[in-house]
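Undergrad: just a sequence and a predicted model for now, questions to come.
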Amino acid sequence: MAGLYFKYGTMNSSKSANLLMIKHNYEEQNFTVKLLKPSTDTREKETIIHSRVGLSAPCTLINDDSDLTELCKDYKIVMVDEAQFLSEKLVDELYEISYEKVVMCFGLMTDFKRNLFPGSKRLIELCDSLQEIKSVCSCGRRAVVNARFKDGKLVLDGAQVEIGAEDKYRALCKYCYHDLLVERLKEE
């Protein structure tokens, strides 16, 4: 039962909805669940995990100064949303906690340039289970890229972390991404 689990997907793949549904299932069986989210995610003004399908639950914001062992001591299940924003230090702490508790992390694997986020990289290195939450591109193929856009154009450069949702990002398959990339490079 105990272990470190990383469930990843592209933007809009229902990662938060999955987290909240699994939380509900554990609580229905009388398990205590602690929800965490890195303070890097500033989309919500409150300490809440919110899904686009209308599910939500309170959570605790964490950063490198957080004492995860203390925060999680009274819980059997620990769930982390937006896990790509975790530092290696926090992932290492979650790994230690996973010897005694179920620790489930949900997040993106790669950024808009298709590079691993540091938190995701460390989770891949340490997790007991890695599972993709699949989503589809507008063409119907499997989405694999979190493409960033500005003024309707594909963005190729910039900071790795730029908080946003549908206003800045679209999940694309490799073919649609390639076509947009070629078109964008011709413009330069």
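TA: Received the coordinates, thanks. Numbering: from 1, shown residues only.
Undergrad: how about the most centrally placed residue in the chain, phi and psi?
TA: The centroid of the chain falls nearest to residue 107 when counting by Cα atoms, centre = their mean (1.3 Å). Main-chain torsions, residue 107, degrees, to the nearest 10: phi 180, psi -180.
Undergrad: least trustworthy helix or strand in this structure by mean pLDDT?
TA: Between all helices and strands in the chain, the lowest mean by mean pLDDT, DSSP states H and E belongs to strand 48-50, at a mean of 80.
Undergrad: right, and the helix or strand after it?
TA: Sequence-wise, the next helix or strand downstream of strand 48-50 (DSSP states H and E) is strand 56-58.
Undergrad: so what touches that following strand?
TA: 20, 23, 35, 46, 47, 48, 49, 50 (Cβ atoms under 8 Å, 6 or more residues apart in numbering). All C-beta spots, glycine's among them, are computed from the backbone N, C-alpha and C.
Undergrad: got a ChimeraX select line for the buried ones in the residues you listed?
TA: ChimeraX command restricting these to the buried ones, with burial defined by 16 or more other Cβ atoms under 10 Å:
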select :20,23,35,49,50
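Undergrad: and the contacts of strand 56-58, which is closest to residue 99?
TA: residue 35 (20.4 Å; Cβ to Cβ).
Undergrad: ok, the closest one to residue 57 distance?
TA: From residue 35 across to residue 57, the span is 6 Å (Cβ to Cβ, to the nearest Å).
Undergrad: what touches both of the two?
TA: Both residue 35 and residue 57 are contacted by 23, 49, under the criterion Cβ under 8 Å, 6+ apart.
Undergrad: which stretches of this protein form strands?
TA: Secondary structure of the chain (DSSP state E): strands at 3-8, 33-38, 48-50, 56-58, 60-62, 77-80, 102-107, 129-132, 145-150, 153-154, 169-172.
Undergrad: and the second one, what other elements does it pack with?
TA: Using 3 or more Cβ pairs under 8 Å, 6 or more residues apart in numbering; DSSP states H and E as the contact criterion, the secondary-structure elements in contact with strand 33-38 are helix 15-28, strand 60-62, helix 68-72, strand 77-80.
Undergrad: re earlier: return the most buried member of the strands of the chain.
TA: strand 102-107 (a mean of 26; mean count of other Cβ atoms under 10 Å).
Undergrad: strands paired with that one, and their directions?
TA: As defined by DSSP bridges, the strand partners of strand 102-107 come to strand 3-8 (parallel), strand 77-80 (parallel).
Undergrad: which of these sits closest to residue 30?
TA: Among these, strand 77-80 sits nearest to residue 30 (Cβ to Cβ), with 11.0 Å.
Undergrad: average pLDDT for that closest one?
TA: Averaged across strand 77-80, pLDDT comes to 98.
Undergrad: can you list contacts of that strand?
TA: Strand 77-80 has contacts (Cβ under 8 Å, 6+ apart) with 19, 22-23, 26, 31-38, 68, 72, 86, 94, 97, 101-107.
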